[in-house]
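A.B. asks: dropping a prediction and its sequence here:
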Number of protein chains: 2
Amino acid sequence: MLFYNIIIRYMESEIVEKNESNGKREKSTIVDVARVAGTSVATVSRALSGGNYPVSMATRKKIQLAVETVGYTPNLLGKMLKTKFNPTIGIVIPSYQNPFYIQLIHGISQKAALLGYTISTFSSQRNVLFERNIIKQLLQKRIMGLMIASVDDSPNTLTQYISNGGKVCVFESNFKDLNTFIVAKTDMIESGRTAMKHLISMGHENIAIITTPLSKQSRSSTIKGCRLAMAEHNHEFTDEDIIIAPYEYEFEDGLYEFEVGQDLVKILLERKKKYTAILAVNDLIACGIINELKKMNIRVPEDISVIGLDDIPLSSMISPALTTVHMPSYNLGQKACQLMVDAMVNQEETYGVALSIRPELVIRDSVKRLE
Amino acid sequence: MLFYNIIIRYMESEIVEKNESNGKREKSTIVDVARVAGTSVATVSRALSGGNYPVSMATRKKIQLAVETVGYTPNLLGKMLKTKFNPTIGIVIPSYQNPFYIQLIHGISQKAALLGYTISTFSSQRNVLFERNIIKQLLQKRIMGLMIASVDDSPNTLTQYISNGGKVCVFESNFKDLNTFIVAKTDMIESGRTAMKHLISMGHENIAIITTPLSKQSRSSTIKGCRLAMAEHNHEFTDEDIIIAPYEYEFEDGLYEFEVGQDLVKILLERKKKYTAILAVNDLIACGIINELKKMNIRVPEDISVIGLDDIPLSSMISPALTTVHMPSYNLGQKACQLMVDAMVNQEETYGVALSIRPELVIRDSVKRLE
DNA sequence: ATGAAAGCGCTAACAC
DNA sequence: GTGTTAGCGCTTTCAT
């Protein structure tokens, strides 16, 4: 009898005409469901998405059936407009080429899925204007959670985002971090120090650093860490020992840093001072260095040792496999995402939450112990 | 006098209370702008987002000023709900680890930006359930354009998406492509053939193929192309010459295929038949092969030649630099995006639009000419 | 446990 | 050129 009723209702409903009439099929709405189920829209809403508002089992069943017969897909746009809540997190990274960010996204996405949030990722392609535009778009879509590795020199866009009610988590930035951000960074000072200490512990004293420009905060932190390690061991270390690339640029193919390594190691070898080890501020540079040394028939690590920073997949693929410092980006992403969601639900202001992840040394084959 | 008027209006408006009152700042809406500008909401809408509907210059100015004083940010949710149009394209790829997809995204995003569309990318992590869930989410957000490299064995989710009014462009799939999709693929048969022909033209006859399982359509197409080339030159080629990995798996770090190369080349060398060249179905496998050969002190290309397929950045970083076949994924992304947007604006059904991009041989140092 | 109705912010007839 | 108004699909008081 109940079943009969439903059949009747189904036949009565306009669903057929609705889906086949004027070419442009209309998607069915909560109203259609209500009509077919023979309830009010309010009840449908409560049954379908209301938290634990009481709806009788009988009506729940009817509604479920109605949903299927009319082929209902909820329209999140309506819901968001009404509730003023958008459970999605925008992620902005400078480039998809960098494995560090990829791992980061991976960590975030795992956690977000667990918490019922959706992520939406964008690449600024290291373009400040693009970055600002992406953030504007997020704001317009009322995506109020933003996790970003910023290439902007000014925090203005972000503070504006926050003053519009958004929450932001910063992974990387060139500006001074404000205490309205969640700051989640790997400890670059510590990672530079770790790498340097390893070289020292392997008996090296004459160490050169090869780096891209120090304009980025993370770069200078790394160098600071290196200096620290040298000082701790009373080894001499001057600006002379740092070779800095003259320019910064992002190739589409992500080869820029590799080439920096290739170019700068040549310059290094022409110096009068003889080094036994090279520290590269990231793995891609280190790989470029090793590649170039090979071409020159200089053996790694027999003739010279090389250590990197990052631990990208490539590092274990080359030979000799690169000794480096692992950045736990996956972990960082997970933890940061949790903080983000917390901030989004308890709408209170976030004051200088900081998350710092310690790097780990991974020993492979590119550093030799000196006698 | 005009200026004075505006000041007055500004002071009269509730904007101040609105932004400072009950903690939760209310975002200003088109209504606020209209009030401050002293016009109707319709006019504001027309001035701000209406195409070329006539609005006098004077009111335009007033509105612009009002926008700034109230700090108005349009709410796209409202707009989309009303217009039933969401100018964003969802992109779903199996993994962020694969440079091919990254380039593809890059191409899409460039074109999309040009056309005023936003892209939103997701990784299915080669998980069918994730993939389906992402598509469901897109539907709920009324994102009616989807560009996907699918890992699903069934096209059901996609056809359902289409029957809900969505447009889909398929880059890769294991199912038979329906003529309701835009199909944009690189010509895998041609690429396999190109690689093989190069080896043949360099004097090789005894060629082995190393590959991951052939379950994926693209893989078997590649092999088909290889066979074709051998047949064209009347060279013998049997299933014996193909070494297939026993399993398929995606590591988080994207190292799976590299390891396949390492493992399978060992098996290859134990065979009685002696090969002068190896064709790897992708570059990552080829890099693994070269890496392993080096460990065994077998020289590439002097002792054995290796050719890959894809042209990923890594290929030019290793030594010897890998000879391979370039997949114009950036290009493919651009063209496909254009087709996608076309499909989204002219809402007519898309019937079997197909886009096939021809690969190009890239000669580097891993193939030797045989005397 | 259910329903009626008032909007969320926006656009698009339809009037003038 | 401008204004009025009726929704888009949904949630959520406030009744009952």
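C.D. replies: The structure has been received and is ready for your questions.
A.B. asks: as a check, name the ranges of all strands in chain A.
C.D. replies: A:88-93, A:118-123, A:145-149, A:167-172, A:182-186, A:207-211, A:242-244, A:277-280, A:305-307, A:324-326, A:354-357, A:360-362 (DSSP state E).
A.B. asks: between those strands, which one is nearest to chain B?
C.D. replies: If you check each of the strands of chain A against chain B by Cβ to the nearest Cβ, strand A:118-123 wins as the nearest, at 4.5 Å. C-betas here are computed from N, CA, C, even on glycine.
A.B. asks: what packs against the closest one?
C.D. replies: In terms of contacts (3 or more Cβ pairs under 8 Å, 6 or more residues apart in numbering or on different chains; DSSP states H and E), strand A:118-123 is packed against strand A:88-93, helix A:99-114, helix B:99-114, strand B:118-123.
A.B. asks: which one of the ones you listed is the most hemmed in?
C.D. replies: Most buried of the helices and strands packed on strand A:118-123, by mean neighbour count (mean count of other Cβ atoms under 10 Å in any protein chain shown): strand A:88-93, with a mean of 26.
A.B. asks: average pLDDT across it?
C.D. replies: In this model, strand A:88-93 has an average pLDDT of 96.
A.B. asks: sorry, back to before: could I get the strands of chain A as a markdown table with distance to DNA strand C?
C.D. replies: Formatted as a markdown table, those follow (distance: least, Cβ to the nearest atom of the strand, whole Å):
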| stretch | distance to DNA strand C |
| --- | --- |
| strand A:88-93 | 17 |
| strand A:118-123 | 20 |
| strand A:145-149 | 18 |
| strand A:167-172 | 18 |
| strand A:182-186 | 26 |
| strand A:207-211 | 46 |
| strand A:242-244 | 47 |
| strand A:277-280 | 49 |
| strand A:305-307 | 53 |
| strand A:324-326 | 46 |
| strand A:354-357 | 33 |
| strand A:360-362 | 47 |
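A.B. asks: distance of the closest residue to residue A:212 other than its chain neighbours from DNA strand D?
C.D. replies: Distances taken as Cβ to Cβ, 6 or more residues apart in numbering or on different chains place residue A:245 nearest to residue A:212, at 4.8 Å, with adjacent residues excluded. With distances taken as Cβ to the nearest atom of the strand, to the nearest Å, residue A:245 is found 53 Å from DNA strand D.
A.B. asks: what's near enough to touch residue A:245?
C.D. replies: Contacts for residue A:245 (Cβ atoms under 8 Å, 6 or more residues apart in numbering or on different chains) come out as A:211-213, A:260, A:263-264.
A.B. asks: select from those every entry located in helices.
C.D. replies: Secondary structure from DSSP state H places A:260, A:263-264 of the contacts of residue A:245 in helices.
A.B. asks: pick the one among the residues you listed closest to residue B:319.
C.D. replies: Residue B:319 has its nearest neighbour among the ones in helices among the contacts of residue A:245 in residue A:263, at 16.5 Å by Cβ to Cβ.
A.B. asks: for the closest one, give me its contacts.
C.D. replies: Per Cβ under 8 Å, 6+ apart, neighbours of residue A:263: A:245, A:288.
A.B. asks: equivalent analysis for residue A:337, please.
C.D. replies: Counting by Cβ under 8 Å, 6+ apart, residue A:337 touches A:89, A:107-108, A:111-112, A:115, A:117, A:147.
A.B. asks: what's the closest of the helices and strands packed on strand A:118-123 to DNA strand D?
C.D. replies: Closest approach to DNA strand D among those (Cβ to the nearest atom of the strand): strand A:88-93, 15.4 Å.
A.B. asks: just checking, what packs against that closest one?
C.D. replies: helix A:99-114, strand A:118-123, helix A:128-140, strand A:145-149, helix A:329-345.
A.B. asks: apply 6 Å and report the result again.
C.D. replies: With contacts taken as 3 or more Cβ pairs under 6 Å, 6 or more residues apart in numbering or on different chains; DSSP states H and E, strand A:88-93 sits against strand A:118-123, strand A:145-149.
A.B. asks: what about the stretch 101-250 of chain A, any weak spots by pLDDT?
C.D. replies: Residues of the stretch 101-250 of chain A meeting the criterion pLDDT under 70: A:250.
A.B. asks: if we go to 80?
C.D. replies: A:247-250 (pLDDT under 80).
A.B. asks: give me the residue from chain A nearest DNA strand C.
C.D. replies: For chain A, Cβ to the nearest atom of the strand, closest residue to DNA strand C: residue A:54, 2.2 Å.
A.B. asks: sorry, back to before: okay if I get the contacts of residue A:245 as CSV plus distance to residue B:191?
C.D. replies: Formatted as CSV, those follow (distance: Cβ to Cβ, whole Å):
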residue, distance to residue B:191
A:211, 39
A:212, 35
A:213, 39
A:260, 32
A:263, 33
A:264, 36
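A.B. asks: just the buried ones from those?
C.D. replies: By neighbour count, with 16 or more other Cβ atoms under 10 Å in any protein chain shown, the contacts of residue A:245 hold A:211-212, A:260, A:263-264 as buried.
A.B. asks: now, which of those sits nearest residue A:301?
C.D. replies: residue A:264 (18.5 Å).
A.B. asks: would you check that that closest one makes contact with residue A:243?
C.D. replies: Yes - with contact defined as Cβ atoms under 6 Å, residue A:264 reaches residue A:243; the gap is 5.0 Å.
A.B. asks: mind listing the shared neighbours of these two?
C.D. replies: Between them, residue A:264 and residue A:243 share these contacting residues under Cβ atoms under 6 Å, 6 or more residues apart in numbering or on different chains: residue A:210.
A.B. asks: returning to what we had before: let's have the ones in helices among the contacts of residue A:245 in TSV, adding pLDDT and distance to residue B:353.
C.D. replies: What follows is these, written out as TSV (pLDDT from 0 to 100; distance: Cβ to Cβ, whole Å):
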residue	pLDDT	distance to residue B:353
A:260	94	43
A:263	96	45
A:264	97	48
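A.B. asks: could I get those residues as TSV with distance to residue B:284?
C.D. replies: What follows is these, written out as TSV (distance: Cβ to Cβ, whole Å):
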residue	distance to residue B:284
A:260	24
A:263	26
A:264	28
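A.B. asks: what's the closest of the residues you listed to DNA strand D?
C.D. replies: residue A:260 (51.9 Å).
A.B. asks: would you mind measuring from the nearest residue to that closest one once chain neighbours are set aside to residue A:224?
C.D. replies: Using Cβ to Cβ, 6+ apart and skipping the chain neighbours, the partner closest in space to residue A:260 is residue A:245 (4.6 Å). For residue A:245, the distance to residue A:224 (Cβ to Cβ, to the nearest Å) stands at 18 Å.
A.B. asks: surely residue A:86 and residue A:80 touch.
C.D. replies: Yes - the criterion here is Cβ under 6 Å, and residue A:86 meets it with residue A:80 at 5.0 Å.
A.B. asks: up against chain B, what does chain A have?
C.D. replies: A:73-74, A:76-78, A:80-81, A:96, A:102, A:118, A:120-121, A:137, A:139-142, A:253-255, A:258, A:294, A:313, A:317, A:319 (Cβ under 6 Å from any Cβ of the partner chain).
A.B. asks: list buried residues within these.
C.D. replies: Buried, going by 16+ other Cβ under 10 Å: A:73-74, A:76-77, A:80-81, A:96, A:102, A:118, A:120-121, A:137, A:139, A:141-142, A:253-255, A:258, A:294, A:313, A:317, A:319, out of the residues of chain A next to chain B.
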